[in-house]
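> coordinates for the following, if possible.
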Amino acid sequence: MAKKESPLTSLLVRFIERVIPKKTLKRYDLLLYSAGIDFKASEYLGISLMLGLVIGAVLLIISGSGLHFFLGFFGGFIGFAYIYPNLRISRRIEDMEKALPDALFYLAGSLRAGVSFSEALGELTTAKFGALTDEFKRTVAEIKRGRPTVDALRAFALRNKKSPVIYRAMMIIIEALERGAPMADVLVAVGNDVREILRIKKERKASTGMQMMFFITSGGFVGPFIVAVISNIATMITTTGGMNVQIPVAELKTILWLFSIIQGFITGLGIGVIREGKFSSGAKYGTLIGLMAGAVYWAGLQVRIGF
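Numbering: from 1, shown residues only. Below you'll find the model as predicted:
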């Protein structure tokens with residue numbers, strides 16, 4: 001059933017397709033596919049723009065500030081167009097990594113039963129391994145259309161290059177296929193290797209749980225709340241009779257709000273380094289803690305200080 005588009009959406013999609021280079025849209029299409037989002041790149045970017053406008057308009061109505069409109073538009077667009085797909089990819093990759101050892105053992109069992117490698121891949125598409133099954137279905141479909149098995153597996157690896165575990169495992173399997181190695185033994189060895197890597201990752205996350213809770217509490221709650229209290233004190237000093245103190249309260253609140261969000265995001269990056277050993281993994285933590293810090297700061301502004 002064809003999707004119905006409003007004239008405004010259709011116009012926006014055509015505008016995006018004219019402005020953004022085709023190569024960039026193709027890369028974004030791959031990002032959306034990896035995230036499991038069933039939209040064309042131009043359509044999804046159009047939706048992201050409209051969502052950013054809605055969020056910006058809501059903030060403009062609430063605060064009456066053009067700066068808040070810009071921040072809402074920019075945050076909504078970036079959040080929906082970039083951060084949300086990457087969060088979905090991260091979650092999808094995590095699910096695929098968990099299922100990979102069992103899938104490789106399943107494939108090895110089929111090979112030991114006397115089935116060819118291509119037929120074993122076909123059998124794998126009937127098993128229930130979540131997103132990993134969908135990837136194997138696409139690979140098998142490419143093989144049936146005449147693409148060499150090695151090339152189809154290499155495309156599988158490239159589509160999931162954001163996961164070093166999946167990419168490395170698939171490249172080892174490809175090399176074994178090209179050299180004629182005993183595939184059942186290779187698959188079992190790779191499956192055991194992947195399982196051991198995942199076990200080490202799990203232990204690392206468990207051992208850094210207390211540090212993570214400290215960072216979340218300090219960067220996502222305590223810090224923003226204290227900053228909000230400082231904003232309230234500044235407001236109280238300004239409005240207290242008999243004191244000739246002029247403080248730009250509105251601008252100060254905006255600056256401190258942005259500071260809270262930024263320090264929350266940086267805190268999330270630190271959590272990513274501690275738990276997973278890389279800054280890129282901290283983006284998802286940074287986004288969530290940044291939003292939390294902004295919300296806590298706003299809630300803290302509602303607390304009235306009196307002497």
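
> quick one: the helices in the stretch 1-150 of the chain?
7-19, 22-35, 41-63, 66-78, 84-112, 117-124, 131-144, 149-159 (DSSP state H, counting those that start in this stretch).

> looking at the ones you listed, which is closest to Ser231?
helix 41-63 (14.3 Å; Cβ to Cβ). Glycine gets a C-beta too; all of them are placed from N, C-alpha and C.

> which other helices and strands contact that closest one?
Helix 41-63 sits against helix 7-19, helix 22-35, helix 66-78, with contacts defined as 3 or more Cβ pairs under 8 Å, 6 or more residues apart in numbering; DSSP states H and E.

> after the helix or strand harbouring Ser260, which helix or strand is next?
For Ser260, the element it lies in under DSSP states H and E is helix 249-276. As assigned by DSSP H and E, the chain's next helix or strand after helix 249-276 is helix 282-301.

> does anything pack onto that following helix? Which helices or strands?
Counting contacts by 3+ Cβ pairs under 8 Å, 6+ apart, helix 282-301 packs against helix 84-112, helix 209-217, helix 223-239, helix 249-276.

> lowest average pLDDT across those?
Sorting the helices and strands packed on helix 282-301 by mean pLDDT places helix 223-239 lowest, at a mean of 79.

> and that helix, how far out from the chain's middle?
34 Å (Cα atoms, centre = their mean, to the nearest Å).

> please apply the same query to stretch 147-161.
Worked out by Cα atoms, centre = their mean, stretch 147-161 lies 23 Å from the chain centre.

> list of residues touching it?
Applying Cβ atoms under 8 Å, 6 or more residues apart in numbering, the contact partners of stretch 147-161 are 30, 33-34, 93, 96, 117-118, 121, 135-136, 138-140, 142-143, 166-167, 170-171, 173-174, 177-178.

> pLDDT on that stretch, on average?
88.

> can I get that stretch in CSV, CA atoms only?
Extracted in CSV, the C-alpha atoms of stretch 147-161 (Å, rounded to 0.1, in the frame of the first residue of the first chain):
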residue,chain,number,x,y,z
ARG,A,147,25.8,-12.3,-6.1
PRO,A,148,28.8,-14.4,-5.0
THR,A,149,28.6,-15.6,-1.4
VAL,A,150,31.8,-13.9,-0.4
ASP,A,151,30.6,-10.6,-1.8
ALA,A,152,27.2,-10.9,-0.1
LEU,A,153,28.9,-11.6,3.3
ARG,A,154,31.3,-8.7,2.8
ALA,A,155,28.3,-6.4,2.2
PHE,A,156,26.8,-7.9,5.4
ALA,A,157,30.1,-6.9,7.3
LEU,A,158,30.1,-3.4,5.8
ARG,A,159,26.5,-2.7,6.7
ASN,A,160,27.3,-3.5,10.3
LYS,A,161,30.8,-2.0,10.5
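
> how far away is Trp253 from Asn86?
Check again: residue 253 is Lys, not Trp. According to Cβ to Cβ, to the nearest Å, Lys253 and Asn86 sit 30 Å apart.
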